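Enquirer: Take a look and give me a structure for this.
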Amino acid sequence: MAFVRWRPMRDLVDIQDEINRMFEDCACSTEGEKGLSRLFPAADIIENKDSFVVRAELPGLKKEDIKVTLQNNVFTINGEKRKEQEEKDQTYHKVERSYGTFHRLFELPIQVNPNDIKAEFRDGILTVELPKIEEAKPKEISISVK
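Expert: Below you'll find the model as predicted:
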């Protein structure tokens, strides 16, 4: 008979991973029978030496349906996906697409320059560049040899 070392912390981490996965799966689903939905657009946040770039998937939306704001170092994407007009002669057998309002909040780790933010919306992808302020950019310090 072989001995197996019990590692309780590893078991707790595995349980936490499963719980996190369960909540992530629920974040994109519809809730309730009335078709109210919780939209949670997927987003990437990329940092380079000069800026942060946020790319969010917003298929089926128009530029007018999206609002981006920056306040107290929190970047927010708000929007609304509207339901198409239903025809009276049609019967829906299944409705899986989500409709309604949504918002995503991203707390930025350092200050950005609100005056130079650029946003572009093309092919259902919102790309926002948030330039860092000069004080927040890393500065290389030269070392002298004596």
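Enquirer: and residue 118, how far is that from residue 77?
Expert: 15 Å (Cβ to Cβ, to the nearest Å). (C-beta placed from N, C-alpha, C; glycine too.)
Enquirer: With neighbour numbers in mind, choose between the two.
Expert: residue 77 (21 against 11; other Cβ atoms under 10 Å).
Enquirer: ok, the more buried one touching residue 103?
Expert: Yes - judged on Cβ atoms under 8 Å, residue 77 makes contact with residue 103 at a distance of 6.6 Å.
Enquirer: I'd like the distance from stretch 75-84 to the chain centre, please.
Expert: 13 Å (Cα atoms, centre = their mean, to the nearest Å).
Enquirer: Not counting sequence-adjacent ones, nearest residue to the residue nearest the centre of the chain?
Expert: In the chain, the residue lying closest to the centroid (Cα atoms, centre = their mean) is residue 43, at 3.9 Å. Spatial nearest neighbour of residue 43, chain neighbours left out: residue 56 (4.2 Å); criterion: Cβ to Cβ, 6 or more residues apart in numbering.
Enquirer: now the strand or helix carrying the one you found, how far from the centre of its chain.
Expert: Secondary structure assigned from DSSP states H and E places residue 56 in strand 51-57. Remark: strand 51-57 is offset 9 Å from the chain centroid, using Cα atoms, centre = their mean.
Enquirer: Residue ranges in this structure under the pLDDT threshold?
Expert: 1, 24-39, 136-137 (pLDDT under 70).
Enquirer: in it, which spans are strands?
Expert: 43-47, 51-57, 66-71, 74-81, 100-107, 118-122, 125-131 (DSSP state E).
Enquirer: Which one, of the ones you listed, ends up nearest to residue 8?
Expert: strand 100-107 (32.9 Å; Cβ to Cβ).
Enquirer: Against which helices or strands is the closest one packed?
Expert: strand 43-47, strand 74-81 (3 or more Cβ pairs under 8 Å, 6 or more residues apart in numbering; DSSP states H and E).
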